[in-house]
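J.: coordinates for the following, if possible.
(one chain, ligands or ions: 1)
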Amino acid sequence: MDGETVRIGGHLEDYRSLGGVAFALIRDGSGTSQVTLKKGASDPALFDLFASLPRESVVSVEGTVARSTKANRGVELLPTGVEVLSRSETPLPLGVVDKVPAELDTRFNHRVIDLRKPEVRGVFVLRSALLAGLRRALGDLGFLEVETPKILRQGAEGGATLFALDYFDTRAFLAQSPQLYKQMLMSAGFERVFEIAPAFRAEPSDTVRHLTEFTSLDAEMAYIDGAETVREVLETVVLAALRHATDHLAVRYPELAERLKPPPHPFPRVTFADCEAKLGRPGSGRDLGTEEEKRIGEWMREERGAPYYFITDYPTSVKAQTFYAQRSDSDPSLTGYFDLELDGTEIASGGPREHRLDHLDVNLRSAGLDPGAFASYREAFRFGMPPHGGFGFGVDRLVQKIAGLPNIREARLFPRDRYRLEP
Ligand code: AMO
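T.: A predicted model of the protein is given here:
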């Protein structure tokens, strides 16, 4: 483009005057470009204009492109005209190019400015590529994308994390997951569906892997041959999504693509019972704690070289509230439920569902629930329901892990937790 006249719009990241020459750095969606002003060659008014402009103001600069060995992109722009489109206030509540890291709370309080940092924006470039990859991978396997209601009459994932809301003259709840609806679509004959949508959970605890609003990828499929069918689909989807995302990012974002290298596969399968034995608490029937999960993650890395692995055959005692999870006919103390783990963090869970209404009612009652309160869900089982199974996948946790973020909140544009409703 050497010699061409162009116009660029962006934020004034920095302006430095060295006497005879001055540099303005303009940041737009593609990166930062150098605008070079030279005494004698550039309009003197432009020096004054840039010098008077606060950092982060939005400008439009017209000028001539010139090859440059010193400028960061190999070109500089010699300006002929500058228009101020929006003047920034000072001081900035948060620096965009500061080397000193800001507190997480400060960053989220001023998230729009935080998101201007290229490395923060990179998280969302990665996220978008992963979402596109997941959609494509599921589509290629014949899954139909669906959208189910988020305002519900009853929850599916336990009463403790339900958000209740006033719904005219009755009470409703925000969806903790699309669980009941994705299953109902199996009775509707859809056979393979997936949904990528917000899920809401009133998580009271302040952890680095829980949000009150997260993005859940849910898939459901009919006519499965047990849990392994579901695991195989999940594994195929993860690997294909990583491949698609890598291809998508390779040219413009090679450093992000590097993070998406396909992991060793097939992902190892380790039973819940083996994990318990490894942890020295055989047969306790309690769920794994965060620290225990981490230890299993270290074990799988060290001994199996596996960042991704399945923990299979969850005991019924751990899944007591998960009424839709099928209990094994040969050993009712076990379910076919599994978690997909990535380096000691659960990123997905799923398994075969109970499709027999009489068994489902038993499960509902043992979870302390009244089958009568689930009339429309039960109706799907009354008039022909194929055997089916599926999984729920935490998109934010996947992004957190792949981007190497210490806190899940950083994987969301505007995170929600117990203490944060703004911005
Ligand atoms: P589960 O409750 O295990 O299963 O959730 C599925 C996945 O969603 C993610 N996740 C969360 N991510 C961020 N913040 C949270 N508060 C949060 N809660 C869950 C995790 C988890 O693995 N209906 C079942 C799925 C199924 O059986 O199909 C369910 O919701 O990554």
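
J.: could you find the closest non-adjacent residue to the residue in the stretch 301-423 of the chain positioned nearest to the ligand?
T.: Going by CB to the nearest ligand atom, the ligand is nearest to residue 394 of the stretch 301-423 of the chain, at 2.2 Å. Heads up, the C-betas are built off the backbone N, CA and C, glycines and all. The shortest distance from residue 394 to any non-neighbouring residue, by CB to CB, 6 or more residues apart in numbering, is to residue 347 (5.6 Å).

J.: run the contact check for the host helix or strand of that neighbour versus the ligand.
T.: Using DSSP states H and E, residue 347 maps to strand 345-352. Yes: against the ligand, strand 345-352 shows contacts by CB under 6 Å from any ligand atom at 346, 347, 348, 349, 350.

J.: what does that strand contact?
T.: Applying CB atoms under 8 Å, 6 or more residues apart in numbering, the set of residues contacting strand 345-352 from outside is 209, 219, 224, 226-227, 230, 234, 293, 297, 314, 325-326, 335-341, 387-394, 397-398, 401.

J.: picking up where we left off before, pLDDT score for the residue nearest to residue 394?
T.: Residue 347 carries a pLDDT score of 98 in this model.

J.: go on, the one 3 residues further on?
T.: Model confidence at residue 350, expressed as pLDDT, equals 98.

J.: ok, and the closest non-adjacent residue to it?
T.: Residue 350 sits nearest to residue 391 (CB to CB, 6+ apart), 2.7 Å away.

J.: and the helix or strand where residue 294 lies, average pLDDT?
T.: Here residue 294, judged by DSSP H and E, is contained in helix 290-304. The average pLDDT for helix 290-304 rounds to 97.

J.: report the distance from it to the chain centre.
T.: Put simply, helix 290-304 sits 22 Å off its chain's centre (CA atoms, centre = their mean, to the nearest Å).

J.: is the ligand within reach of it?
T.: No: Helix 290-304 does not reach the ligand (CB under 6 Å from any ligand atom); its nearest approach is 11.4 Å.

J.: for that helix, name the packing helices and strands.
T.: Contacts defined by 3 or more CB pairs under 8 Å, 6 or more residues apart in numbering; DSSP states H and E place helix 290-304 against helix 272-278, strand 338-342, strand 345-352.

J.: want to throw those into JSON lines with mean neighbour count?
T.: Compiled in JSON lines, the helices and strands packed on helix 290-304 are given as follows (neighbours: other CB atoms under 10 Å):
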{"stretch": "helix 272-278", "mean neighbour count": "17"}
{"stretch": "strand 338-342", "mean neighbour count": "23"}
{"stretch": "strand 345-352", "mean neighbour count": "22"}
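
J.: could you dump those into a markdown table with distance to residue 98 added?
T.: Formatted as a markdown table, the helices and strands packed on helix 290-304 follow (distance: least, CB to CB, whole Å):
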| stretch | distance to residue 98 |
| --- | --- |
| helix 272-278 | 43 |
| strand 338-342 | 31 |
| strand 345-352 | 30 |
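
J.: next, count neighbours for residue 179.
T.: Residues lying near residue 179 (other CB atoms under 10 Å) number 24.

J.: distance of it from residue 391?
T.: Distance, residue 179 to residue 391, by CB to CB, to the nearest Å: 11 Å.

J.: shared neighbours, these two?
T.: Common neighbours of residue 179 and residue 391 (CB under 8 Å, 6+ apart) are residue 218.

J.: my read is that residue 399 contacts residue 127, right?
T.: Yes: taking contacts as CB atoms under 8 Å, residue 399 lies within contact range of residue 127: 4.8 Å.

J.: so what's in contact with those two at the same time?
T.: residue 411.

J.: sorry, back to before: please name the bridge partners of the residue of the stretch 301-423 of the chain closest to the ligand.
T.: residue 216 (DSSP bridges).

J.: let me see the contact set for it.
T.: Taking CB under 8 Å, 6+ apart, one finds 214, 215, 216, 217, 346, 347, 348 in contact with residue 394.

J.: pull the most distant pair out of the residues you listed.
T.: Spatially, the most separated pair among the contacts of residue 394 is 215 and 346, at 15.4 Å (CB to CB).

J.: surely residue 243 touches residue 262?
T.: Yes: using CB under 8 Å, residue 243 is in contact with residue 262, at 6.3 Å.

J.: between those two, which is the more surrounded one?
T.: residue 243 (16 against 12).

J.: report the buried residues of the helix or strand containing the more buried one.
T.: Using DSSP H and E, residue 243 falls within helix 227-249. Buried residues in helix 227-249, defined by neighbour count with 16 or more other CB atoms under 10 Å: 227-231, 233-235, 237-246, 248-249.

J.: go on, stretch 391-408?
T.: Under 16+ other CB under 10 Å, the buried positions of stretch 391-408 are 391-403, 408.
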